[in-house]
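> Predicted coordinates and the sequence they were generated for:
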Amino acid sequence: MKALYDVPAPAKLNLFLHITGRRADGYHLLQSVFMLIDWADTLHFERRPDGAITREDLTVPLPADDLVVRAARALQAASRTPLGAHIGVAKRVPAQAGMGGGSSDAATCLLALNRLWELDLPLATLEQIGLGLGADVPFFLRGRNAWVEGIGEQITPITLPRGSFAVVKPSEGIETGKIFSAPDLERSTPAAILSGFAAHSEARAGEDAGNFRFDFGHNDLQPVAQRLCPAVTEAIEWLGSQGWNARMTGSGSSVFAAMPHDADLAEAPAGWQVRKCSNLAVHPLVGWAV
């Protein structure tokens, strides 16, 4: 095997995001449900015998030392392989969106190079490498929708019904660090339990998205984000004008709303990225490492 082409790296939505506390080392404790969606980047991998790691940007320019390159180097160092790779990245998931695009790219890189370099490292080893790159990387490596706790390392797989979602990324982005360092960030939301999420979400039939509600809880980061980036409020109000209850996902500027399967999106303001997405039952690369 000398190449792998068209390898997907799907984004995720946070159905809710609660900050329940803060550790002594400064890391925030959270609860969330991470849901995979079909908005994805595409990566291409060619094996190099000389040990070099190179990257080609196929859509938009990326930082020189982005998570894809860092993931490849981390796997190379951990496995002590003499092999390298040339990686092409077709970036479609927007940056600073709260959709985990960079973390997903890193996870796909680890899974693909583990196969391309014929390392056969177990998933647990890839997760340890991934955790050093970002808290969301192990979620994408496991590849299943999940209830997430702690600093993102406690991952419990869950099953979610299929749904359609309007996802809006305004032209402005938000730096995660600015949100988490804000003095007015809510950091003491009472802890929820998985059974409470399930009971709420299945409580009422006849909703637009079927017999499941995607409106549990809230995003504690949203008030700070709306203060820092007025476009977040504009996007929420724009989706609200179409009759849908929107909220922010993650720590970026993207917002989303569950929508009827047969509904169409209105024309968005200039500069916004708007997509109708479906959620995924599992990551396309589930089983690439065990």
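That came through fine. Numbering: from 1, shown residues only.

> can you count the residues close to Ala198?
Using other CB atoms under 10 Å, Ala198 has 15 neighbouring residues. Just so you know, the C-beta spots here come from the backbone N, C-alpha and C atoms, and that holds for glycine as well.

> Can you point out the buried residues in the strand or helix carrying it?
Take DSSP states H and E as the rule and Ala198 turns out to sit in helix 194-201. Neighbour-count burial for helix 194-201 flags Phe197, Ser201 (criterion: 16 or more other CB atoms under 10 Å).

> for it, the distance to its chain's centre please.
In terms of CA atoms, centre = their mean, to the nearest Å, the centre of helix 194-201 is set 22 Å apart from its chain centre.

> Contacts for it, please.
With CB atoms under 8 Å, 6 or more residues apart in numbering as the contact definition, helix 194-201 has outside contacts at Val33, Trp147, Thr156, Ile158, Phe212, Arg213, Phe214, Phe216, Gly217.

> Over to stretch 169-180?
For stretch 169-180, contacts defined as CB under 8 Å, 6+ apart pick out 28, 94-99, 185, 221, 224-225, 228-229, 231-232, 234-235, 251-254, 271-274.

> Give the PyMOL command for selecting the buried subset of the residues you listed.
Under the burial definition 16+ other CB under 10 Å, those of these that qualify are selected in PyMOL by:
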select buried, resi 28+94+96+97+98+99+185+221+224+225+228+229+231+232+234+235+251+252+253+254+272+273+274
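
> Restricted to helices, list the contacts of stretch 169-180.
Filtering those for membership in helices, criterion DSSP state H, returns Val224, Ala225, Leu228, Ala231, Val232, Glu234, Ala235.

> Tell me the one among those residues nearest to Pro8.
Nearest to Pro8 among the ones in helices among the contacts of stretch 169-180 is Ala235, at 25.7 Å by CB to CB.

> Quick one: mean pLDDT for the longest helix anywhere in the chain?
The longest helix of the chain (DSSP H) is helix 101-116. Helix 101-116 shows an average pLDDT of 98 in the prediction.

> between the next helix or strand after it and helix 101-116, how big is the angle?
Helices and strands here follow DSSP H and E; after helix 101-116, the next one along the chain is helix 123-131. Helix 123-131 runs at 140 degrees relative to helix 101-116, counting by axes from the mean of the first three to the mean of the last three CA atoms, to 10 degrees.

> what are the ranges of the strands in the protein?
Applying DSSP state E to the chain gives strands spanning 3-22, 28-48, 53-57, 84-90, 146-150, 154-157, 164-169, 247-248, 255-259, 273-278.

> Flag every buried residue along the longest helix of the chain.
With burial defined by 16+ other CB under 10 Å, the residues of helix 101-116 counted as buried are 101-116.

> Tell me the helices and strands packed up against that helix.
Here helix 101-116 touches strand 3-22, strand 28-48, helix 67-79, strand 84-90, helix 123-131, helix 137-142, going by 3 or more CB pairs under 8 Å, 6 or more residues apart in numbering; DSSP states H and E.
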